[in-house]
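> how would this look folded up:
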Amino acid sequence: MSNQAINPAPQPSGTAAQTSAPANEPRYFRRFTTGQMWMHVILFSTFLGLATTGLPLRFSESPWARLMAGAVGGFSAILAFHKFCALVMTVTFVVHVFEILKRGILRRDKSVFWGSTSMVANWKDAKDLFMHMRWFIGLGKKPEFERYAYWEKFDYWAVFWGMVVIGFSGYAMWFAPLFAHFLPGWALNAALVIHSEEGLLAILFIFMIHFVNTHLRPGSFPMDMVIFTGVESEHEFKVKRALEYERMAKEGKLESRLAPAPTKIGINLGRVVGFTAIAIGLTLLGLTISAYFY
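Got it, this is the predicted structure:
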């Protein structure tokens, strides 16, 4: 999930004088705050936890699912960890929504809901999608993007869809006696199907599309480190978000986004975490595909 926050450009952690690089060294600009990076870590960790526990429950007759259950103490233990990950993800999501409402409504920050730094889709995103499709087949010019590209916004709002559909159906099954007071019996049966199929769809989307768009595409391969370091080089900034770079340069705000270069420890740690997540995801994808041929 590289699409993590609806907030506008994060505030710098230090002054421009403190973060300016010498003329012969590349400059770095902050893209994500520490809070946004931690939120992404929690979200993708709990998502992997839900996927790792949900798939063996979904394909419980598969040999690998039985092997996994036997290794951790049975399917009941897998279900318990599945519920724990669901709770952590739900709390994280609620905190994020609260922050959005606080900034957008209480502080009356309109940029949260509209404008060049908002995650809300607009007409330009539709035009960018059309132009991108033409560019893919050699019929046009590649579009230039602002702070968030159309696919990043799609990924972001997909989380909201998943929390509503997958989350509600999951809690309906978890607390079935409570939900039975205001839902008919057929709705609880439908919740099982919806939770299972929508959860599987979310897993396939993340492992087959999000991973590719974020990390495996040209310009980012083998991994886009910005979500782990919070900063990107000036070259990356210009190439990936040319319109944002030009806008901030015209407004005289580039200096305010300057940040220290990422440390080797931070980069290596990000690589370990990122490649581990990708390896787990691709493994689960392979096991899921194999389950259909069992």
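
> can you count the residues close to residue 210?
20 (other Cβ atoms under 10 Å). Where you see a C-beta, it was placed from the backbone N, CA and C, and this is true even at glycine.

> and if you look at residue 272?
11.

> what helix or strand does it sit in?
Following DSSP states H and E, one finds residue 272 within helix 264-291.

> same thing with residue 228?
Using DSSP H and E, the element containing residue 228 is helix 226-229.

> Pull out the buried positions in the helix holding residue 272.
Buried positions in helix 264-291, judged by neighbour count with 16 or more other Cβ atoms under 10 Å: 270, 273-274, 277-278, 281, 284-285, 287-288, 291.

> just stretch 179-195 next, same as before
179, 191, 194-195.

> Just the closest of those residues to residue 33, please.
Nearest to residue 33 among the buried residues of stretch 179-195 is residue 195, at 32.9 Å by Cβ to Cβ.

> Can you find the helix or strand of the chain with the lowest average pLDDT?
Least confident helix or strand of the chain, by mean pLDDT, DSSP states H and E, is helix 16-19 with a mean of 44.

> right, and the helix or strand after that one?
That would be, after helix 16-19 and using DSSP H and E, strand 28-30.

> what helices or strands is the helix or strand that comes right after that following strand leaning on?
Scanning forward in sequence from strand 28-30 by DSSP H and E, the next helix or strand is helix 34-58. The contact analysis (3 or more Cβ pairs under 8 Å, 6 or more residues apart in numbering; DSSP states H and E) places helix 34-58 against helix 63-72, helix 75-101, helix 185-205, helix 226-229, helix 264-291.

> Redo those helices as JSON lines? Include mean pLDDT and distance to residue 172.
Conversion of those to JSON lines gives the following (pLDDT from 0 to 100; distance: least, Cβ to Cβ, whole Å):
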{"stretch": "helix 63-72", "mean pLDDT": "93", "distance to residue 172": "24"}
{"stretch": "helix 75-101", "mean pLDDT": "96", "distance to residue 172": "12"}
{"stretch": "helix 185-205", "mean pLDDT": "92", "distance to residue 172": "4"}
{"stretch": "helix 226-229", "mean pLDDT": "92", "distance to residue 172": "32"}
{"stretch": "helix 264-291", "mean pLDDT": "89", "distance to residue 172": "24"}
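
> what sits against residue 242?
144-145 (Cβ atoms under 8 Å, 6 or more residues apart in numbering).

> is it true that residue 232 lies in a strand?
Yes - membership of residue 232 in a strand is supported by DSSP: H, G, I helix; E, B strand; the rest coil.

> Give me the buried stretch members for stretch 92-103, please.
92-93, 96, 99-100, 103.

> Among those residues, which one lies nearest to residue 131?
residue 100 (29.0 Å).

> wait, isn't that closest one in contact with residue 111?
No - contact criterion Cβ atoms under 8 Å: residue 100 and residue 111 do not qualify, at 11.6 Å.

> sorry, back to before: what about the helices and strands packed on helix 34-58, which gets the closest to residue 220?
Residue 220 lies closest to helix 226-229 among those, at 9.0 Å (Cβ to Cβ).

> Tell me the helices and strands packed up against that closest one.
Packed against helix 226-229 by the contact rule (3+ Cβ pairs under 8 Å, 6+ apart) you find helix 34-58, helix 264-291.

> quick check: angle from the first one to helix 75-101?
Using axes from the mean of the first three to the mean of the last three Cα atoms, to 10 degrees, the direction of helix 34-58 lies 150 degrees away from that of helix 75-101.

> Report the mean confidence score over helix 34-58.
Averaging pLDDT along helix 34-58 gives 94.

> Okay, residue 127 and residue 150: tell me how far apart.
Using Cβ to Cβ, to the nearest Å, residue 127 is found at 9 Å from residue 150.

> Which one's more surrounded, these two?
residue 150 (19 against 12).

> List the residues that contact the closest residue to that one other than its chain neighbours.
Computed as Cβ to Cβ, 6 or more residues apart in numbering, the closest residue to residue 150 that is not its neighbour in sequence is residue 125, at 4.0 Å. The contact partners of residue 125, by Cβ under 8 Å, 6+ apart, come to 149-150, 153.

> could you redo the last one with a cut-off of 10 Å?
If a contact means Cβ atoms under 10 Å, 6 or more residues apart in numbering, then residue 125 has 143, 145-146, 148-154 as its contacts.

> Report the buried members of the residues you listed.
The buried subset of the contacts of residue 125 - by 16+ other Cβ under 10 Å - is 143, 145-146, 148-154.
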